[in-house]
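> what follows is a predicted protein model with its sequence.
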Amino acid sequence: EVQLVESGGGLVQAGGSLRLSCVVSGFSFDDYTIGWFRQAPGKEREGVSKISSRIGSTYYADSVKGRFTISSDNAKNTVYLQMNNLKPEDTAVYYCAAERGMFGSGMVFYNYEYWGQGTQVTVSS
């Protein structure tokens, strides 16, 4: 059974930090790109960051460059999203998802085959 399980969300003040985790099971970690998306109420789902541990590539949306860092621990089948200098506009439900295919540029949510249940991140001003 394929599972992606996120954790690490919560409430933090602006300027603070959180680290999200996504534990993956049920498929070969190296065969997929793992991405983080977020969706705020009334807004479209936005691709935040992605990583391919197989080719060692990462991607960040412009809105999070320099503040967020994505990493993976292959031994633990886990992808992390370290979020620093959080802003109120980062408030959203964060989802991890898995895509099999070319790493490519950008992030298109309908290319992602498997999704986690999401974790809420709330940044207060």
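Received, thanks.
> quick test: name the residue nearest the centre of the protein.
By C-alpha atoms, centre = their mean, the mean C-alpha position of the chain lies nearest to W36, the distance being 2.0 Å.
> and the residue lying closest to that one once chain neighbours are set aside, which of the three is it?
Beyond its immediate neighbours in the sequence, the residue positioned closest to W36 (C-beta to C-beta, 6 or more residues apart in numbering) is V48, lying 4.5 Å away. From N, CA and C alone the C-beta is placed, and that goes for glycine too. For V48, the secondary structure call by DSSP: H, G, I helix; E, B strand; the rest coil comes out as strand.
> quick one: residues contacting V48.
With contact taken as C-beta atoms under 8 Å, 6 or more residues apart in numbering, V48 is in contact with G35, W36, F37, R38, Y60, A61, S63, V64, F68, L81, Y94, M107.
> would you mind checking those residues for buried ones?
With neighbours counted by 16 or more other C-beta atoms under 10 Å, the contacts of V48 contain buried members at G35, W36, F37, R38, Y60, A61, V64, F68, L81, Y94, M107.
> quick one: secondary structure of S105?
On the basis of three-state DSSP, S105 is classed as coil.
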